[in-house]
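> For reference, the sequence and a predicted model appear below.
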Amino acid sequence: MDMLSGLSPAAVLAATAALGLALLIGAFRKVGAAQRATGRAELVAEKERERAAALEQELCAKAATPTASLSDALRVLEEMSDALRLTMTGRSRRELAAAVGRALERLLGVEQWMVFLDTERTGTDFILAASGSVDQQAWPVGACLTPQMGRVGLVIRRGNALNRDDFESEPPLVREQLEATEPSAFHVDIAAPIIVGDTVVGAVSVGAPRLSQALACAIVQVLVEGAAAGLRVLEAQERSARLENMDELTGLHNRNWFTAHASELLFRNADYDVPIAAAVFAIDDLRGYATREGPSQAQRLLQAVARLVEPMFREGDLLCRWTDDEFAVLMPGVDRPTAKATLDRVRRAISSEPWVGADKQPEGLMTVSVGLAVAPHDGIRFDPLIEAAYRAFEKSRTRGGDQTTGEIAGHTPAAALSLGDTVDLPNLPFASDLAALGRAAADEERLR
């Protein structure tokens, strides 16, 4: 204040104004600096927001991708589980092959698939058991593929899976052979063998899968492993059924199987006057033979006799090992004279063979006693009919053997049935059922 006391009022006013202006300029500068700082901060914040949004979007995309992959994987695993369950529980080879095909359609969306099976385990003939295509079928079911034919044949020969890249990387000569031997309608991008133990028993081929080649190959490989497991299950069931229904020594059906099927057939024929012949036969003095030649040789004789006589009966006839040394047969639609002629032919066939030790038998050869009964005359149901045949068999034995007993006076013996004759039952109400069953059995046998 002492400094300003000597100044005039005008000077004081000017100094105050200058000071106020300086303060105002300083304030404006501070405000400008603050505004610039705020702008920079807002710019930084805006850029950070943009970066955050981009990062969020990226993170969302990354998060969404694993989620979709996991969902797809779970779906594939669920469908794979269903497919393997169906594949491994097939009741026949044809059903198993169809289950594999349905799995390929569901999992891969293929344009064409085929499942081949070596039904006879020959290693040379692979039957097309099932197939599917979006347009025209490549081959009819039942067609036969050999290991020399095309890409699938190459897979069968080598015993390992191959894909389109593998086929294209083969040497030129091999590629030419594949093209020359590939059936024209085949579309094979992936093929894999079905292996049981060390044996190739089938093959699966797919064309134009919608998934990547690597994933499609992995799925096909899992399915063929499932098919192999299913085949092993079927084979185990078949072995169990054979042990249950077959005679272990001769390979013929056993008594239980024969009784069940013969009883059913006679029950269905009970109300109709259609002849059904039943017979029991056995080698004469088999016990004496076993004593001289040994039990093992006697068993070999029974095995050989079974192999000899089985093809002498028709496909529709029922043949079994009835007891230790006896056989039984049921011949639908066969009258007494025809049955006797057929059984006499069986007797002669057995007697004419040069069996070991046959010259030491009572007659100097292997003779056979046969007992014959025919429904409905000798019995309508199974038990009375087989008992009548057994009584006739005992009569043949007591009369010295080497004969067929059961002929009724007044009948003229007819010609024996020839190998390959079919069952002709024109008056039998269920003849068409038997024919259909025969055809179904033949088809099924090819796929077993």
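Yep, that arrived.

> Which secondary structure element of the protein has the lowest mean pLDDT?
helix 2-5 (a mean of 41; mean pLDDT, DSSP states H and E).

> If you count neighbours, what's buried in stretch 318-329?
318-322, 325-329 (16 or more other C-beta atoms under 10 Å). Every C-beta, even on glycine, is put in place using the N, C-alpha and C of the backbone.

> same question, stretch 371-378
371-376, 378.

> Rebuild those as JSON lines, extending it with secondary structure.
Below are the buried residues of stretch 371-378 laid out as JSON lines (DSSP: H, G, I helix; E, B strand; the rest coil):
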{"residue": "G371", "secondary structure": "strand"}
{"residue": "L372", "secondary structure": "strand"}
{"residue": "A373", "secondary structure": "strand"}
{"residue": "V374", "secondary structure": "strand"}
{"residue": "A375", "secondary structure": "strand"}
{"residue": "P376", "secondary structure": "coil"}
{"residue": "D378", "secondary structure": "coil"}
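
> Tell me where the stretch 251-400 of the chain has helices.
Ranges of helices within the stretch 251-400 of the chain are 255-268, 286-293, 295-309, 336-351, 382-398, based on DSSP state H, counting those that start in this stretch.

> Would you verify that E248 is located in a strand?
No. Read with three-state DSSP, E248 is coil and lies in no strand.

> Tell me, how many residues neighbour it?
Counted with other C-beta atoms under 10 Å, residues neighbouring E248 total 9.

> what does A349 give?
Neighbours around A349, by other C-beta under 10 Å: 14.

> same question, E264
11.

> For it, give its distance to L231.
30 Å (C-beta to C-beta, to the nearest Å).

> can you pull up the bridge partners for the residue nearest to L319 when sequence neighbours are not counted?
Once flanking residues are discounted, L319 sits nearest to V329: 4.8 Å by C-beta to C-beta, 6 or more residues apart in numbering. With DSSP bridges as the criterion, V329 is bridged to A279, L319.

> wait, isn't V329 in contact with M312?
No. Using C-beta atoms under 8 Å, V329 makes no contact with M312, being 9.8 Å away.

> List the contacts of the closest residue to Q303 other than its chain neighbours.
Closest residue to Q303 apart from its sequence neighbours, by C-beta to C-beta, 6+ apart: T250 at 5.6 Å. Taking C-beta atoms under 8 Å, 6 or more residues apart in numbering, we find T250 in contact with 302-303, 306, 321.

> Ok, Q297 next?
Per C-beta under 8 Å, 6+ apart, neighbours of Q297: 289-290, 356-357.

> per-residue pLDDT, it?
Looking at Q297, its pLDDT is 95.

> Repeat that for L447.
At L447, the pLDDT value in this model is 48.

> Likewise for L372?
pLDDT at L372 comes out at 97.

> same thing with V44?
On the pLDDT scale, V44 gets 45.

> R29 now?
50.

> Tell me which residues of the helix or strand encompassing A228 come out buried.
Taking DSSP states H and E as the criterion, A228 maps to helix 213-245. Burial within helix 213-245, assessed by neighbour count using 16+ other C-beta under 10 Å, is assigned to 216-217, 219-220, 222-231, 234.

> repeat for stretch 112-129
112-119, 125-129.

> picking up where we left off before, got the buried residues of stretch 371-378 as a markdown table, with distance to L96 columns?
Output for the buried residues of stretch 371-378, formatted as a markdown table (distance: C-beta to C-beta, whole Å):
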| residue | distance to L96 |
| --- | --- |
| G371 | 44 |
| L372 | 44 |
| A373 | 43 |
| V374 | 43 |
| A375 | 40 |
| P376 | 43 |
| D378 | 45 |
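
> For the chain, give me the ranges with low pLDDT.
For the chain, applying pLDDT under 70 flags the ranges 1-90, 136-138, 407-448.

> which residues does the residue lying closest to T323 once chain neighbours are set aside contact?
Leaving aside its chain neighbours, T323 sits nearest to R255 (7.5 Å; criterion: C-beta to C-beta, 6+ apart). Shown in contact with R255 (C-beta under 8 Å, 6+ apart): 320-323, 328.

> Same check on M366?
283-284, 301, 350-351, 353, 355, 358.
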